[in-house]
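[1] Can you look at this prediction? I've put the sequence above it.
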Amino acid sequence: MSFLKSGAEQNYSERLLLTKYAPKKLQDFHGNHGVKQTLLSYIESGNLPHLLIHGPHGCGKSLITKLLVNEYLGARYLKEGCLEIYGSLSRSKDVITENPNSKSKTKNKQKNFNCPGITNFMKKSSNLPKHLIKIIVIYEFHQMSDEAQMALRRIMELNSNKVRFIFVSENHSGIIQAIQSRCTPLQMRKLSDSEIDQLLINIIASEKIDIKPGLLPEFLDLIKINAEGDIRIAVNLLQLLTTYQMSNHEWYQILGIPEIKYLQKIIQACIDSQPITAYRMTKLLLDQGFEICDVLDLLSRVLINFPEFPQKIEYLRILCHDTFTIEECYTEIQL
């Protein structure tokens, strides 16, 4: 049974599971419990420091930041109390210092997509209560130029009584040390397999998606191997694979990967000292059109995501990883 209902029964936006099941409150955020509790304590105390929230893509950095700002400022003061900037679009120093209302049109302004200047936002009067302070959120902060980051360093010092900065970044190594030292760092991680299982099972139950109990473990494993801890990919794959009634063979055809059980048999053949069997099974995948690099990648994911294999295959993990990272090794003999 498809979870997609007719337009009269369900809003179009709700057809996206990623949007429908996104948390509306910080308390409901899934995963990264330590970071969530820290942010909740900031809201409760009303003392919000400069923050540097960093971690890999798909772990919820932007979402948890939006939830934090929404709960801190409230819906009433959100528009006048928060400025959001994307470092990939407005990466130059101009977004910090220039006056967006200036009559002169420069190339740099066009590059900043008419983003309001940080200085002007801080100077603009507001009706915020005394216990609240303005917040400036810069997403993809690692993509801003060093010149822009250096300009922010001084602004953070001089205006700490007027504004708090929240920097969201995938890679904190692209942020100058002067900014890092002025922020409280919060590192986020991708969701664990058990956390993804819990979230997907809750969605499946809520949407009354019909998956045979015997196929559910394989279905969840298939999503986790492809998502690699990215919760957005996991939920989107759930929606893709359950839109219509499909068999488990059709799941693999849509994603374009061999069955997990088949990959496990290849690894088990290696463990059982049957290299010829493992080679023939692998050669069959290549004959079906799979690329050598794809097979290596999939074997690596299976090895990493399935702890039931014995410890003696640690050398296989190393082999797959090292081979995968060297392009010159993309040959059948090396595989």
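    Looks like it arrived, so ask away. Residues are numbered from 1 along each chain as shown.

[2] Could you give the separation of the helix or strand harbouring Ser194 from the chain centroid?
    Per DSSP states H and E, Ser194 falls inside helix 193-207. Here the centre of helix 193-207 is set off from its chain's centre by 17 Å, with C-alpha atoms, centre = their mean, to the nearest Å.

[3] next one: stretch 169-176
    Per C-alpha atoms, centre = their mean, the centroid offset for stretch 169-176 relative to its chain is 15 Å.

[4] Please point out which parts of that stretch sit buried.
    Neighbour-count burial for stretch 169-176, counted by 16 or more other C-beta atoms under 10 Å, picks out 169-170, 172, 174-175. No exception for glycine: its C-beta is placed from N, CA and C like everyone else's.

[5] Out of those residues, name the ones that lie in helices.
    Among those, DSSP state H puts none in helices.

[6] now for these, which pair is the farthest apart?
    Glu170 and Ile175 (10.7 Å; C-beta to C-beta).

[7] overlap in contacts of the two?
    Counting by C-beta atoms under 8 Å, 6 or more residues apart in numbering, the contacts common to Glu170 and Ile175 are His142.

[8] Turn the buried residues of stretch 169-176 into a markdown table, columns for distance to Met144.
    Below are these laid out as a markdown table (distance: C-beta to C-beta, whole Å):
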| residue | distance to Met144 |
| --- | --- |
| Ser169 | 9 |
| Glu170 | 13 |
| His172 | 13 |
| Gly174 | 9 |
| Ile175 | 9 |
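
[9] closest to Gly58 among the residues you listed?
    Glu170 (9.9 Å).

[10] ok now do that closest one, which residues does it touch?
    54-57, 61, 140, 142.

[11] Could I get the buried residue list for stretch 75-89?
    77, 81-87.

[12] What residues of stretch 34-42 count as buried?
    So, applying 16+ other C-beta under 10 Å, buried residues of stretch 34-42: 35-36, 39-40, 42.

[13] rewinding a little: possible to save the buried residues of stretch 169-176 as a markdown table with distance to Cys270 and pLDDT?
    Putting the buried residues of stretch 169-176 into a markdown table (distance: C-beta to C-beta, whole Å; pLDDT from 0 to 100) gives the following:
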| residue | distance to Cys270 | pLDDT |
| --- | --- | --- |
| Ser169 | 40 | 93 |
| Glu170 | 35 | 89 |
| His172 | 38 | 79 |
| Gly174 | 40 | 82 |
| Ile175 | 43 | 89 |
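
[14] So, low pLDDT: which residues of the stretch 101-250 of the chain?
    101-116 (pLDDT under 70).

[15] the helices in it, which residues?
    107-111, 118-123, 146-158, 177-180, 193-207, 216-227, 231-242, 248-255 (DSSP state H, counting those that start in this stretch).

[16] Take the ones you listed and lay them out in JSON lines including distance to Lys24 and mean neighbour count.
    Shown next, in JSON lines, are the helices of the stretch 101-250 of the chain (distance: least, C-beta to C-beta, whole Å; neighbours: other C-beta atoms under 10 Å):
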{"stretch": "helix 107-111", "distance to Lys24": "35", "mean neighbour count": "13"}
{"stretch": "helix 118-123", "distance to Lys24": "26", "mean neighbour count": "17"}
{"stretch": "helix 146-158", "distance to Lys24": "31", "mean neighbour count": "16"}
{"stretch": "helix 177-180", "distance to Lys24": "31", "mean neighbour count": "15"}
{"stretch": "helix 193-207", "distance to Lys24": "15", "mean neighbour count": "16"}
{"stretch": "helix 216-227", "distance to Lys24": "23", "mean neighbour count": "18"}
{"stretch": "helix 231-242", "distance to Lys24": "16", "mean neighbour count": "20"}
{"stretch": "helix 248-255", "distance to Lys24": "31", "mean neighbour count": "14"}
